[in-house]
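Undergrad: got a predicted model here, sequence first, then my questions.
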Amino acid sequence: MIFFRMCKFSCNAVEWLKNNSLVLSKILKTSKMKVFKFGGASVKSAEAVRNVLQILKGYNENIVVVISAMGKTTNLLETLAKAYFEKSDNKWSVFQKFRNYHTDISDLLFDKNTPESISILLTELENKLRIPPSFDFNFEYDQIVSYGELVSTRLVSEYLNFAGFTNSWIDIRTCLRTNNKFRDATVDWDLTEKLVQQVLNFEEEKLYVTQGFIGATKPNLTTTLGREGSDFTAAILGNVLNAEDVSIWKDVPGVLNADPKKMEGAVKIDELSYREAIEMSYSGAQVIHPKTMKPLHNKGIPLLVKSFVSPLEKGTVIHEVDHKLQLQPVFIVKENQVLITISPIDFSFISIEDINKVAYLLQENRIKVNLIQQSAIDFNLVVDFPEVDLNPILKKLSENYIARYNTDLKLITIRHFNKEALHKMKKDKKIYLEQNSRLTARLVVK
Ligand code: ASP
Ligand code: MG
């Protein structure tokens, strides 16, 4: 009887193992890996790329390296996309700049022997510029701007291999799949998870180098995830690969309580909760993209913000915090803001329908709303100064509303504010709008 039971148990166990061995081996294999994200500043020159190699040498784990476009390349490519779409001949001089910037770096890294993979990408983009654009700007934007990440990752990957640090270059568009909302694509999580686990399996590789910010639709059209989206890519990969942690390498020592370029005496914060980090980045703290936290929070994966200048320093850890954090006031300044104030022409109250209408119009034009305040007949919106022309939007609004706006404003957010902090930020400034909650003070100022 006992023997029979044991046999049955072990038969079941064998059966179970057989059925789940793939799952098990996947869990075991993917349980120990890290995701590193290097932003534009960390790869902006040959010297910077060499520094990436030095950082990677300090680790022996399985790593996926996610890289942005070099330096300010995405801004340059935005100009290129515009010139191309407007059929302006200026596109060639912008393209030259793009090409020269990368070939100069390549010359320094490879002793003037530009790797073929780089030349292929540059020719591909050049050929694209020769054919007339379609009628969809957002689509064309993604097809062009994505070359920033394609070229930067090729350069870094080739350089690491050249320096004896073997790695595989992965075209993330083969596995990071999105819908077709160009310039602001939404991730298809199920498909992405499946494909990423197949492609980045660490079976014969310890190191992968891939692009941030870009993806592709099911029919293989290139998309982007929104400006500064590479952090988000790192978080997506961290999530689907169950990374032990995700590190973002920056030119600052970690998350600071203010932008050191704008305020004296900024200090590093050692530890933050996901929630605090979301609030800070959403308010405009540029250190991390606001979308980064959710995929990591959902799986309890820590996010480390570290300095590529002093890689041995601890940086900031963002994770689940079960104790109360004693945080000093955190100052976040978002520049180039526009305050739009609308009121119904017929003097009626602002209703939910009004709010819906306005929100839809802004969303359609990819304009991000940073703050909303409503009174009986005024509806105030603070938005990023849009790349699109604001006038047609205001014209549309003025069919039903009186619409006014002010440009060149700053949105100041103070998390964990106190009297002194608020006073300091208000001093000598013209205040357009103020909104305070228990933890957060927000000011729109000139
Ligand atoms: N290169 C893209 C940008 O500058 C994505 C990123 O850097 O995160 O927006
Ligand atoms: Mg960038």
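TA: The structure has been received and is ready for your questions. Residues are numbered from 1 along each chain as shown. Ligands and ions are numbered 1, 2, ... in the order given.

Undergrad: which bits of this structure sit near ligand 2?
TA: When proximity is defined as C-beta under 5 Å from the ion, the chain approaches ligand 2 at 40, 68, 74. The way it works is simple: take the backbone N, C-alpha and C, and place the C-beta from them, glycine included.

Undergrad: what residues are up against the second one?
TA: It stands for Ser68. By C-beta atoms under 8 Å, 6 or more residues apart in numbering, the residues touching Ser68 are 37-40, 43, 74, 148-149, 152, 212-213, 230.

Undergrad: just these that are near ligand 1?
TA: 39-40, 74, 148, 212-213, 230 (C-beta under 6 Å from any ligand atom).

Undergrad: need those residues in CSV (columns: secondary structure, pLDDT and distance to Phe137).
TA: Below are those laid out as CSV (DSSP: H, G, I helix; E, B strand; the rest coil; pLDDT from 0 to 100; distance: C-beta to C-beta, whole Å):
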residue, secondary structure, pLDDT, distance to Phe137
Gly39, coil, 97, 26
Gly40, helix, 97, 23
Thr74, helix, 98, 16
Gly148, helix, 98, 18
Gly212, coil, 98, 22
Phe213, coil, 98, 18
Ser230, helix, 98, 22
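
Undergrad: now for these, which pair is the farthest apart?
TA: Distance extremes for the ones next to ligand 1 among the contacts of Ser68: the farthest pair is Gly39 and Gly148 at 11.9 Å, using C-beta to C-beta.

Undergrad: more neighbours: those two, which one.
TA: Gly148 (30 against 23; other C-beta atoms under 10 Å).

Undergrad: per-residue confidence for the closest residue to the more buried one other than its chain neighbours?
TA: Of all residues not flanking Gly148 in the chain, Ala69 sits nearest, at 2.7 Å (C-beta to C-beta, 6 or more residues apart in numbering). According to the prediction, Ala69 has pLDDT 98.

Undergrad: average pLDDT across stretch 381-388?
TA: When pLDDT is averaged along stretch 381-388, the result is 88.

Undergrad: show me what counts as buried in that stretch.
TA: Neighbour counts using 16 or more other C-beta atoms under 10 Å place 381-384 of stretch 381-388 among the buried residues.

Undergrad: and if you look at stretch 76-95?
TA: 76-78, 80-85, 91, 94-95.

Undergrad: for Asn298, list the residues it contacts.
TA: Asn239 are the contacts of Asn298 under C-beta under 8 Å, 6+ apart.

Undergrad: change the start of the numbering to 425 and stick with it
TA: Yes, from this point I'll number from 425; that puts the last item at Asn722.

Undergrad: so it belongs to a helix, correct?
TA: Yes: checked against DSSP: H, G, I helix; E, B strand; the rest coil, Asn722 lies within a helix.

Undergrad: quick one: the spatially closest residue to Lys870 that is not a sequence neighbour from ligand 2, how far?
TA: Nearest non-adjacent residue to Lys870, counting by C-beta to C-beta, 6+ apart: Lys854, 4.4 Å away. Distance, Lys854 to ligand 2, using C-beta to the ion, to the nearest Å: 33 Å.

Undergrad: and what of Arg474?
TA: If you measure Arg474 against ligand 2 using C-beta to the ion, the figure is 20 Å.

Undergrad: which residues touch the closest residue to Glu652 other than its chain neighbours?
TA: Taking C-beta to C-beta, 6+ apart as the measure, Glu652 lies nearest to His713, with 4.9 Å between them; neighbours along the chain are not counted. With contacts defined as C-beta under 8 Å, 6+ apart, the neighbours of His713 are 652-656, 705.

Undergrad: mind running it again at 7 Å?
TA: For His713, the contact set (C-beta atoms under 7 Å, 6 or more residues apart in numbering) comprises 652-653, 655-656, 705.

Undergrad: quick one: which two of those are the most distant?
TA: Considering C-beta to C-beta, no two members of these lie farther apart than Gly653 and Ser705, which are separated by 12.7 Å.

Undergrad: what's in contact with stretch 556-563?
TA: 508-509, 564, 606-607.

Undergrad: can you pull out the strands in the stretch 575-724 of the chain?
TA: With DSSP state E, counting those that start in this stretch as the criterion, the stretch 575-724 of the chain has strands at 592-594, 631-635, 638-640, 646-648, 669-674, 695-697.

Undergrad: same question for the fourth one, mean pLDDT?
TA: Averaged across strand 646-648, the pLDDT comes to 98.

Undergrad: and for the spatially closest residue to Asn681 that is not a sequence neighbour, the neighbour number?
TA: Nearest residue to Asn681, sequence neighbours excluded (C-beta to C-beta, 6+ apart): Val754, at 4.7 Å. A count of neighbours around Val754, defined by other C-beta under 10 Å, yields 24.

Undergrad: how about the residues of the chain near ligand 1?
TA: Close to ligand 1, as judged by C-beta under 6 Å from any ligand atom, the chain has residues 463-464, 492-493, 498, 572, 636-637, 651-654.

Undergrad: now distance to Lys685 too, for the residues you listed, in JSON lines please.
TA: Below are those laid out as JSON lines (distance: C-beta to C-beta, whole Å):
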{"residue": "Gly463", "distance to Lys685": "16"}
{"residue": "Gly464", "distance to Lys685": "16"}
{"residue": "Ser492", "distance to Lys685": "19"}
{"residue": "Ala493", "distance to Lys685": "21"}
{"residue": "Thr498", "distance to Lys685": "20"}
{"residue": "Gly572", "distance to Lys685": "23"}
{"residue": "Gly636", "distance to Lys685": "23"}
{"residue": "Phe637", "distance to Lys685": "23"}
{"residue": "Arg651", "distance to Lys685": "19"}
{"residue": "Glu652", "distance to Lys685": "17"}
{"residue": "Gly653", "distance to Lys685": "23"}
{"residue": "Ser654", "distance to Lys685": "21"}
